[in-house]
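1. Sharing a sequence plus its predicted fold:
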Amino acid sequence: MKRPNPSPHRQRAFSLVEVTLALGLVSFILVALLALFGVGMQASRESANDTMLSQITAQTLALVQSKNLPPIDGAAQPYFFTVQGERQLINAANAETFYTANVRAESTTAAGDASTYLILLKIDITWPSGKTSIVSSMVKP
């Protein structure tokens, strides 16, 4: 007995197993991409914080060098900044304050000749999440 020739217009279809495997593979890839998206967002936030901290540190050092230095081993001198890194001109924390930079002069050391001194400044930067960044810098008075 001879089989009839398949029609040249007959269309082939995917089997249920092939469709199920394809959907499973696509689902696995989507879940992996969504997991990476969260990690990427966290890294982006941390990078933005690091950038803002370096800008605030540079601004604080410039302010300290242009004005009076805090007393050696005395109380910390606070500077307040907004979430955009702009310095608050008032000397108290308010609703717009996001970052606080406390500057403390730790010690002095002679540099070269006896007439030149370096002062070790410690800058503690805090923000609402409770994290603290500590930067030490030597400045010439």
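-> Done, it's in. Residues are numbered from 1 along each chain as shown.

2. Figure out how far the strand of greatest length in the chain is from the centre of its chain.
-> Secondary structure of the chain per DSSP state E: the longest strand is strand 99-110. Centroid separation for strand 99-110 versus its chain: 23 Å, with CA atoms, centre = their mean, to the nearest Å.

3. Now do it, average pLDDT.
-> Averaging the model's pLDDT scores along strand 99-110 yields 79.

4. and it, what does it pack onto?
-> Secondary-structure packing of strand 99-110 (3 or more CB pairs under 8 Å, 6 or more residues apart in numbering; DSSP states H and E): helix 16-66, strand 77-81, strand 117-126. In this view, the C-beta of every residue, glycine as well, is placed from N, C-alpha and C.

5. Report the angle between that strand and strand 117-126.
-> 160 degrees (axes from the mean of the first three to the mean of the last three CA atoms, to 10 degrees).

6. burial of residue 59, as a residue count?
-> 16 (other CB atoms under 10 Å).

7. tell me the contacts of it?
-> Applying CB atoms under 8 Å, 6 or more residues apart in numbering to residue 59 gives the contacts 79, 81, 85, 87.

8. one step back: highest average neighbour count across the helices and strands packed on strand 99-110?
-> Of the helices and strands packed on strand 99-110, the one with the most neighbours on average (mean count of other CB atoms under 10 Å) is strand 77-81, at a mean of 19.
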